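Colleague: Here's a sequence, model it:
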Amino acid sequence: MVLFYLMFKSKTSEKIFFSLIIGGAIGNLYDRIIYKAVPDFIDFHIKEFHWFTFNIADIFISFGIILMILNELIFNKKKNEN
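Modeller: Numbers count the residues shown, from 1 in each chain. All right, here's what the predicted structure looks like:
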């Protein structure tokens with residue numbers, strides 16, 4: 001509920017970030033309710049390196065959070081300098 005409130009009160013670019021996070025969370029919640037588990041099916045191996053297994057919803061959540069952090073660190077820093 002807090003994310004929905006923040007999404008509606010935020011600027012246009014931030015609405016996109018919150019939408020990515022909410023969409024991923026709803027996707028994981030749907031899987032949890034319907035399938036009683038969240039299937040992780042993307043598995044990366046590069047030689048000896050093994051990355052953790054994840055799903056599409058996790059990508060949306062992670063991407064939304066990364067964009068939010070970059071927005072705060074880079075774009076808001078420029079606004080405060082002016």
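Colleague: what residues are up against P39?
Modeller: Shown in contact with P39 (C-beta atoms under 8 Å, 6 or more residues apart in numbering): 31, 55. Every residue, glycine included, has its C-beta placed from N, CA and C.
Colleague: for this protein, what spans make up the helices?
Modeller: Remark: helices assigned in the chain by DSSP state H are 2-9, 12-35, 56-70, 76-81.
Colleague: For H50, give the beta-bridge partners.
Modeller: Assessed by DSSP bridges, H50 has beta-bridge partners H45.
Colleague: So what's the predicted local confidence for F49?
Modeller: Per-residue confidence (pLDDT) for F49: 90.
Colleague: Report how many residues lie close to it.
Modeller: Neighbour count of F49, defined by other C-beta atoms under 10 Å: 7.
Colleague: now G64
Modeller: The local packing of G64 (other C-beta under 10 Å) involves 21 other residues.
Colleague: Which among the helices of the chain is found nearest to F44?
Modeller: F44 sits nearest to helix 56-70 of all those, at 12.0 Å, using C-beta to C-beta.
Colleague: Against which helices or strands is that closest one packed?
Modeller: In terms of contacts (3 or more C-beta pairs under 8 Å, 6 or more residues apart in numbering; DSSP states H and E), helix 56-70 is packed against helix 12-35.
Colleague: Against A37, how distant is the most centrally placed residue in the chain?
Modeller: With distances taken as C-alpha atoms, centre = their mean, the residue of the chain nearest its centroid is I61 (1.7 Å). To A37, I61 is 17 Å away according to C-beta to C-beta, to the nearest Å.
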